[in-house]
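K.L.:
pasting the sequence and the predicted model now:
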Amino acid sequence: MGWRRGRMYKETQPHTGCSCTSPGTHLMLLAGSQFYYILYLFIILTGSLTNPAATLAGMLDLGGGSTQITFYPYEKTTFTGAPAGYITNFQLFNRTFHLYSHSYLGLGLMSARLQIMGGTEGKPLGSGGVLVTPCITPGFVTEFIHAGITYKVKGQSDVKSLYQSCSDSVAKMLSGKVNRANEASTLNFYAFSYYFDRAEDSHLIGM
């Protein structure tokens, strides 16, 4: 990931005026409520300030413990249907932005995997405990390490369709946890962190 950080620094430094000399040592983690600050940079780099009519792209970020979504809503139903705290307002260059932004704690790549397999965040398995899941090869035994805890995992064997069973496990884990903003399906998004990595690993995108 280091080369990606360095490349992003080189590409954005002329626009931001940052005098940092070592991009690898000037990184920080943002809380979910702070994620929309990153949008400042993209608003500038995409020329949206000079073209108010431009449709702003949203942002998706997937970490190990949480995932974030941020976008500029245009439809009234997005405002009226958003749960409390999902709409954030800020001023930038004499323009008011109303952002839909939320961090889903527990739905990061690693935390979600643990829940899908039946584990509980921060809770080790008892002696001899094993997580059995249809989401890995039947009968295969391995270890899953998350937040400093090692879990023994085994692929479930007595299932007719591994794909459907795994899909059902994912749907059950997500049920009732995510607010679906229909407008999001009509917008373009920048994807960061694990979203980018997994898309690249799956050859959905190329470098």
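P.N.:
Structure received.
K.L.:
what are the ranges of the helices in this protein?
P.N.:
Remark: helices assigned in the chain by DSSP state H are 2-16, 38-45, 76-81, 109-116, 162-174, 194-201.
K.L.:
hey, least reliable of the ones you listed by pLDDT?
P.N.:
For those, the bottom mean pLDDT is recorded on helix 2-16, which sits at a mean of 39.
K.L.:
residues contacting the residue most central in space within the chain?
P.N.:
Centroid-nearest residue in the chain: Leu62, 2.3 Å away (criterion: C-alpha atoms, centre = their mean). For Leu62, the contacting residues are Gly108, Leu109, Ala191, Phe192, Ser193, Tyr194, Tyr195, Arg198, by C-beta atoms under 8 Å, 6 or more residues apart in numbering. All C-beta spots, glycine's among them, are computed from the backbone N, C-alpha and C.
K.L.:
look up how far Asp61 lies from the last one.
P.N.:
Spelled out, that is Arg198. Arg198 is 13 Å from Asp61, where distance means C-beta to C-beta, to the nearest Å.
K.L.:
which of these two has more residues huddled nearby?
P.N.:
Asp61 (22 against 13; other C-beta atoms under 10 Å).
K.L.:
any idea what the more buried one is bridged to?
P.N.:
Legend: beta-bridge partners of Asp61 under DSSP bridges are Gln68, Phe192.
K.L.:
against which helices or strands is the longest strand along the chain packed?
P.N.:
Looking across the chain with DSSP state E, the single longest strand is strand 95-105. Here strand 95-105 touches helix 38-45, strand 66-71, strand 87-92, going by 3 or more C-beta pairs under 8 Å, 6 or more residues apart in numbering; DSSP states H and E.
K.L.:
10 Å instead?
P.N.:
Secondary-structure packing of strand 95-105 (3 or more C-beta pairs under 10 Å, 6 or more residues apart in numbering; DSSP states H and E): helix 38-45, strand 58-62, strand 66-71, helix 76-81, strand 87-92, helix 109-116.
K.L.:
I'd like these as CSV, with distance to Ser167 appended.
P.N.:
What follows is these, written out as CSV (distance: least, C-beta to C-beta, whole Å):
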stretch, distance to Ser167
helix 38-45, 32
strand 58-62, 19
strand 66-71, 19
helix 76-81, 26
strand 87-92, 32
helix 109-116, 10
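K.L.:
can you tell me which of those is most buried?
P.N.:
The highest average neighbour count among those, using mean count of other C-beta atoms under 10 Å, belongs to strand 66-71 at a mean of 23.
K.L.:
next one: it to chain centre, how far?
P.N.:
Averaged C-alpha coordinates place strand 66-71 at 6 Å from its chain's average position (C-alpha atoms, centre = their mean, to the nearest Å).
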